[in-house]
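>>> Next come a sequence and a model predicted from it.
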Amino acid sequence: MIPDIDPNENARDTAIGPERAGEILEYLEKFEYGSLRHALFYVLWHTGMQTGSVHSLDIEDSHSDEQYLEVRHRPEKGTRLKNKQGGEREVNLKPEICVVLDDYIQVLPSSR
């Protein structure tokens, strides 16, 4: 049984401040460059995307030459969006995020 709760009760209200985010990015840049944690935090912090949207991304959704991510609802591939096709969009990226994403993608075993 799923309890009936107010939608506002189902969300966290904690956030990382800009100073702490900067510290995290500095650490990741220095000690975990190009890792999943580095790429994920960079994208989450600079785009404000929800983790579910980031989870729906596939390698081909990264368009670094045009500096954006393509967020698509693909239930047949197991990458669903909360709002289905209504959640589909393009998310603009800073050039430095594209570099980190490209470096992350290059070290993936499946991309070789």
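Received the coordinates, thanks.

>>> ok, the nearest residue to R37 once chain neighbours are set aside - contacts?
Nearest residue to R37 in three dimensions, chain neighbours excluded: L28, at 6.2 Å (Cβ to Cβ, 6 or more residues apart in numbering). In this view, the C-beta of every residue, glycine as well, is placed from N, C-alpha and C. Counting by Cβ atoms under 8 Å, 6 or more residues apart in numbering, L28 makes contact with S35, R37, H38, F41, Y42.

>>> of all those residues, which comes closest to E90?
Y42 (17.7 Å; Cβ to Cβ).

>>> so what pLDDT did the closest one get?
Note on Y42: pLDDT of 96.

>>> Report how many residues lie close to it.
Neighbour count for Y42, taken as other Cβ atoms under 10 Å: 23.

>>> secondary structure element for it?
Assigned by DSSP states H and E, Y42 falls within helix 36-47.

>>> any idea which helix or strand comes after that helix?
Using DSSP H and E, the helix or strand that follows helix 36-47 in sequence is helix 51-55.
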